[in-house]
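1. I would like the atomic coordinates for the input below:
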Amino acid sequence: MSQIAPYTGDANLAYNAAPQGQPSEAHDLDRLLGAIRKRWRILLAIAGGFIVLAGLVTLLTPKTYTTSVRLLVGRPGSDIAPADNDTALPVLNALVLQSGAQSAETLAELAQQDDIASRVIQQLNLQTTPGGLLGRVSVKPIVNTSLLNLSVKWRDPNRSADIANAFANAFVDQERDFVRSEAVAALGFLSRELPNARSKMQSAQTRLAQFQSAHGYLDATAHEQDLGARMDSITQHIDQLTVDQNEATALLDSVNSQLATLSSTVDSAKDVAANPVSNDLRTKLSDVETQLSAAEQKYTPAHPTVIALRQQRAALLAELAGQPSAVVSQTTVAPNPLYQSLQSQASTYRARIQGDQGELRALTAQRKAYRPTMKALPQQAILFGSVQEEAKRAANVYNALQQKYNDALVAKSTAISDIIVVQSASADAATKSPNLRTNLGIAVVVGLLLGLAVIYALDLIDRRTTDRDFATLLGLPVIARIPPLTTTNPKMLPWIQSLTLEAFLHLCVTLKLRNKRPLKSLAILSARRGEGKSTIAYNLAKSLAALQPGILLIDADLRQPTLHEKAGCSNDVGLNEVLHGETPLHGAVQNLAAGLDVLTSHGNETNPIALLQTTFEELLERAAQEYAMVIVDAPALTAVSDALLIAAEVDGSLIVVSADRGNERDTQRAIAQMGLIGVENILGVVVNRDASATGDYYGYFAKTNAALTAGLA
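-> Numbering: from 1, shown residues only. Sure thing, here's the model as predicted:
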């Protein structure tokens with residue numbers, strides 16, 4: 001689509017100087033400065049009146065003078081007793097806390113008492129009551145310090161200083177008396193309690209010593225650890241003896257098995273001689289061999305004599321081979337030394353086993369004897385802890401009482417106050433109130449701020465949408481102002497309709513003359529719903545159709561369409577079906593009047609953005625071929641993104657702003673968003689429901705108005 005040439009008038013200078021609709025601090029400042037220049041008399045009147053009023057109130061208000069005394073709270077080293085020194089006696093605990101340094105807040109409250117005020121009134125002969133004096137006295141602690149600031153307001157500075165000093169001195173004296181009375185009361189109480197505390201401490205210490213002597217306790221933890229160590233030692237010794245006994249038994253079994261295979265004696269000596277049987281056999285063998293040799297010479301080998309002799313020789317050789325060459329003639333027997341050594345080892349192992357068994361029986365008996373003691377340890381520990389805690393508490397109570405008794409004696413003798421005057425009040429340092437110079441300075445600032453606030457409020461009230469206002473606020477020219485279409489008097493409706501018709505005709509002429517090239521497509525936009533955008537689109541289409549037939553009005557709101565209600569037609573078939581390709585354009589449009597067709601839509605589209613992005617441009621091109629101009633009623637810009645896609649596809653766009661409810665900041669943001677995506681075809685602004693527009697047309701319709709008024713009469 002072709003782009004429209006931007007507006008070149010004066011208003012467009014602001015449009016091009018800054019991003020479209022972008023709110024800027026400089027722009028807001030210029031608008032505020034313009035409002036000040038316009039209503040500077042109101043600003044001066046409000047600021048001057050406030051300053052004069054503040055001055056009169058300051059001058060007429062009676063003057064008071066304030067003097068102050070600075071007091072130091074607390075004695076050096078008087079720290080509050082720590083919590084772990086609490087005793088079992090509530091009264092003693094209270095005395096311990098009272099003897100510590102009191103907080104500055106507590107002393108500030110104690111300083112404002114009727115008895116102190118009465119003492120000051122009597123001392124200075126003041127004509128007032130204690131309550132009246134206390135109403136002029138203020139005692140406040142200085143944050144993060146131990147100082148008190150005592151201030152007195154009075155009509156005379158010297159009298160104010162005297163009262164402040166007297167009040168401080170009376171407070172110091174009262175605190176000193178309180179310390180003295182506190183010490184006396186503490187001495188009486190401590191004198192009665194010390195003997196009882198000493199007796200309880202001695203009794204508790206005696207019970208602790210008896211328990212320690214009876215159970216061998218010096219310390220519960222050490223005693224328990226000692227018993228545990230003993231039991232562990234016995235158990236370890238038993239385990240060692242068991243291992244040793246098993247080892248000795250195994251070794252004894254090994255020695256016994258070796259003894260079973262050995263003899264208790266061995267042959268210690270033997271006498272050896274030649275075997276006589278062998279000698280006899282050799283003699284016989286020699287004779288047989290001699291006879292065999294003679295027979296072999298006389299006979300053949302198969303002769304019975306030769307065979308018999310050979311067999312006899314073989315028998316003698318075999319018998320000779322089975323006889324030993326020597327025999328023992330005498331043997332001596334002795335004890336076996338290896339057998340004796342094994343017997344000695346066996347005796348040693350038996351003695352070792354018996355010794356281990358004896359020690360095991362003794363240690364087992366000891367462990368059995370310790371078990372009742374171990375079981376009784378928790379109960380004994382509880383008893384020991386109770387007795388020990390009782391002795392410790394009794395000692396703490398006695399020591400605390402003794403220390404507090406000594407402190408009370410010192411306090412009674414010295415009676416040092418917890419309050420010290422570090423800076424007295426002086427009439428020269430008094431501050432006067434109210435102060436005319438200070439109040440006038442404050443009045444100038446407050447008066448100017450009040451005047452600016454009033455001017456800003458008036459500017460908001462009067463910021464009705466004139467051509468110059470919207471041209472400045474939005475950076476766009478205002479090309480038409482449409483008066484309200486409703487009236488409370490039905491008889492005035494024809495006149496309002498005439499004005500409205502003329503306004504739309506004026507818009508048509510402006511659109512035609514403003515652009516060098518004819519517009520083929522025009523989008524009607526608004527920042528929010530309710531600005532009257534659909535009404536403007538519908539009436540503009542009717543007006544253009546009267547001047548130039550061949551106008552197509554498209555309701556492009558695929559979410560919440562309303563154009564079919566204003567046109568009084570059906571929306572069963574329309575833009576949705578055309579974009580989906582289900583129905584051709586000529587089959588979906590409806591004729592509203594001569595030269596005016598409408599293409600409605602229904603709000604059941606699941607993905608309007610995708611549908612508009614893919615086929616809407618093609619639809620505009622087809623419609624431009626069949627119609628002289630296409631007017632598109634788009635959704636609100638800030639609600640959805642559909643309108644941005646539509647504005648990017650048309651030749652021109654109009655921004656509709658309602659004069660009675662329009663929010664220029666929303667419109668500025670919408671225009672800035674259009675500029676961000678490169679849409680630069682905005683022709684201008686149409687101000688809807690502009691009541692001031694009726695005055696522009698009144699002169700032209702004066703006769704009609706007079707006739708209507710006469711008719712009403």
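
2. okay, CA-based contacts and neighbour counts for the rest of this
-> OK.

3. which SS class is the closest residue to Asp690 other than its chain neighbours?
-> Once flanking residues are discounted, Asp690 sits nearest to Pro483: 4.7 Å by Cα to Cα, 6 or more residues apart in numbering. State at Pro483, reduced to three classes by DSSP: H, G, I helix; E, B strand; the rest coil: coil.

4. could you do Val632 as well?
-> Three-state assignment for Val632 (three-state DSSP): strand.

5. contact partners for it?
-> Contacts for Val632 (Cα atoms under 8 Å, 6 or more residues apart in numbering) come out as 521-524, 537, 553-556.

6. between the residues you listed, which sits nearest Ser138?
-> When those are ranked by distance to Ser138 (Cα to Cα), Ile524 comes first, at 70.4 Å.

7. got the contact list for that closest one?
-> So Ile524 contacts 533-534, 536-537, 631-634, 653-656 (Cα under 8 Å, 6+ apart).

8. recalculate using a threshold of 6 Å.
-> The contact partners of Ile524, taken as Cα atoms under 6 Å, 6 or more residues apart in numbering, are 633, 653-654.

9. out of these, who's the most crowded?
-> Neighbour counts for the contacts of Ile524, by other Cα atoms under 10 Å, peak at Asp633, which reaches 28 neighbours.

10. and the strands in the stretch 351-500 of the chain, which stretches?
-> In the stretch 351-500 of the chain, the strands defined using DSSP state E, counting those that start in this stretch lie at 419-423, 431-433, 478-481.

11. looking at these, which is buried most?
-> Comparing the strands of the stretch 351-500 of the chain by mean neighbour count (mean count of other Cα atoms under 10 Å), strand 478-481 comes out on top with a mean of 24.

12. what sits up against it?
-> With Cα under 6 Å, 6+ apart as the contact definition, strand 478-481 has outside contacts at 467, 507, 684-687.

13. partners of that strand, with directions?
-> strand 682-688 (parallel) (DSSP bridges).

14. and Leu124, how far is that from Ala351?
-> Leu124 sits 112 Å away from Ala351, going by Cα to Cα, to the nearest Å.

15. how many residues are close by Ser233?
-> Neighbours of Ser233 under the rule other Cα under 10 Å: 13.

16. any idea which element it lies in?
-> Per DSSP states H and E: Ser233 is located in helix 220-260.

17. what's the neighbour count on the residue nearest to Asp690?
-> So Pro483, with other Cα under 10 Å, has 24 neighbours.

18. and it, what pLDDT?
-> Listed pLDDT for Pro483 reads 80.

19. how near is it to Ala429?
-> According to Cα to Cα, Pro483 and Ala429 sit 70 Å apart.

20. and Asp651, by the same measure?
-> 80 Å.

21. ok, now Lys512?
-> From Lys512 over to Ala429 the distance is 82 Å, taken as Cα to Cα.

22. before we move on, what about Thr510?
-> In this structure, Thr510 and Ala429 are 77 Å apart, going by Cα to Cα.

23. buried subset of the contacts of Val632, written for PyMOL?
-> Selecting only the buried entries of those in PyMOL, with 16 or more other Cα atoms under 10 Å as the criterion:
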select buried, resi 521+522+523+524+537+553+554+555+556
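
24. between the contacts of Val632, which is closest to Ala647?
-> Of all those, Ala647 sits closest to Ala523, with 6.2 Å by Cα to Cα.

25. any idea how far Lys512 is from the residue nearest to Asp690?
-> 21 Å.

26. rewinding a little: Asp651 and Ala429: who's more crowded?
-> Asp651 (22 against 13).

27. the more buried one against Arg517, yeah?
-> No: contact criterion Cα atoms under 6 Å: Asp651 and Arg517 do not qualify, at 10.0 Å.

28. fine by me, thanks again.
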